[in-house]
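**Q** fold the stuff below for me.
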Amino acid sequence: MSPTEPLVVEALRGGQVESLHAVDAMVASADGSIAAVYGDGERGVFPRSAIKALQALPLVESGAADRFGFTSAHLALACSSHNGEPMHTQGAAEMLAAAGLSPICLECGAQLPYHPSDHEALLKAGKPVTAIHNNCSGKHSGFLAFAVQQDLEPAGYVKFGHPVQKEIAGVLEQVTGAVHGEDNYGIDGCSIPTYEIPLASLAKAYAKFAIGEDAGKERSAAMLRLRDACMAHPEMVAGTGRFDTAIMQALPGRVFTKTGAEGVFVLTIPELGLGAALKCRDGAGRAAEVACAFLVESLLEESESQLSQDEINALKRLANPVLKNWNKIEVGSLRMRPAR
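**A** Numbers count the residues shown, from 1 in each chain. Next up is the predicted model:
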């Protein structure tokens, strides 16, 4: 594939461009065809948390989600990078309890809630910050439920080589078509293995996820179930003040997005049968969000899909966020670099 220009996000201050962020992106269809490419669409990336919805497939396919009575909100939480708000920690605790486990089984590590107000509430109540507050506790609760369903030893479930991680790696290989093995893995922030794969493979996998099209009926159904759960409960996928929640609330049932660390994003637009993956070269999450909003907006507009004025306004805000200082004074903004 011939090289193309990457997307470029500009940070403005005082009306001047203060910094630039280059973003590689790939847009694909479920049949594997490429709809658009920006920059290096074949580069290797660690998807990090952007892969969570695919990591949750064994939870559904194994029957664990049904056995333990998980609601669609619980399934959205299993795909989340959440704020550690009460609705998130309560949901994870419910998942664990349903599987006969407790938060002490979580091996993702303690993490402060995203919002200082939630941390302050814990301090006032005399409660410690634990792994249940970790942004990945919903995903890990799903892993543990899967372990119980399969009669696997829960302890050490985060380790490379544990049967839980072997199953997940196998599913990811099947869906992405990329190798997930000892030669291309690292350790994620929540301690599980994360695998470097081509950006194109990630985009094609999420194109399948967009329309629930995979080799088997069970997996296709599981994809649709997880996709719909996330779009129905965007507040569980991220939380108050977060991009993923905001864009899915702004376009209900029309788009799924999921952030990953170090400037990675995936998105699906079911009505178009498209999936996309992007990576900001310098790892800036703020630029990845702008690029994600831009792709959603441009893909819908190019397809002549009808957007309401509210949807248009929301996408414009997300693609052009205002930057404020600690005094809440507007000091700049982010935007896609204008066409030349």
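**Q** assign a three-state SS to A36, would you?
**A** strand (DSSP: H, G, I helix; E, B strand; the rest coil).
**Q** kindly apply the preceding question to S19 instead.
**A** Following three-state DSSP, the label given to S19 is strand.
**Q** could you count how many residues lie near Y157?
**A** Y157 has 22 neighbouring residues, counting by other Cβ atoms under 10 Å. Bear in mind the C-beta positions are built from the backbone N, C-alpha and C, glycine included.
**Q** same question for the one 3 residues further on.
**A** Residue neighbour count, defined by other Cβ under 10 Å, stands at 14 for F160.
**Q** spatially nearest residue to it, not counting backbone neighbours?
**A** P193 (4.6 Å; Cβ to Cβ, 6 or more residues apart in numbering).
**Q** so the one you found is in contact with D183, correct?
**A** No: using Cβ atoms under 8 Å, P193 is not in contact with D183, being 12.0 Å away.
**Q** what are the bridge partners for the residue nearest to F160, then?
**A** Beta-bridge pairing of P193 under DSSP bridges involves I187.
**Q** quick one: pLDDT of A30?
**A** pLDDT, A30: 89.
**Q** OK, contacts around it?
**A** Taking Cβ atoms under 8 Å, 6 or more residues apart in numbering as the criterion, A30 is in contact with 204, 207-208, 210-211, 213, 273, 275.
**Q** which element is the nearest residue to H162 once chain neighbours are set aside on?
**A** Leaving aside its chain neighbours, H162 sits nearest to G156 (5.4 Å; criterion: Cβ to Cβ, 6+ apart). For G156, there is no host helix or strand (DSSP states H and E).
**Q** and the angle for the helix or strand hosting L202 with strand 34-38?
**A** Using DSSP H and E, L202 sits within helix 199-211. Taking axes from the mean of the first three to the mean of the last three Cα atoms, to 10 degrees, one finds helix 199-211 and strand 34-38 inclined to each other by 130 degrees.
**Q** report the buried residues of helix 199-211.
**A** For helix 199-211, a neighbour-count test (16 or more other Cβ atoms under 10 Å) marks 199-211 as buried.
**Q** format those as JSON lines; extra columns: distance to D188.
**A** Listed next are the buried residues of helix 199-211 as JSON lines, based on distance: Cβ to Cβ, whole Å:
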{"residue": "L199", "distance to D188": "18"}
{"residue": "A200", "distance to D188": "21"}
{"residue": "S201", "distance to D188": "18"}
{"residue": "L202", "distance to D188": "15"}
{"residue": "A203", "distance to D188": "20"}
{"residue": "K204", "distance to D188": "22"}
{"residue": "A205", "distance to D188": "17"}
{"residue": "Y206", "distance to D188": "18"}
{"residue": "A207", "distance to D188": "24"}
{"residue": "K208", "distance to D188": "23"}
{"residue": "F209", "distance to D188": "20"}
{"residue": "A210", "distance to D188": "24"}
{"residue": "I211", "distance to D188": "28"}
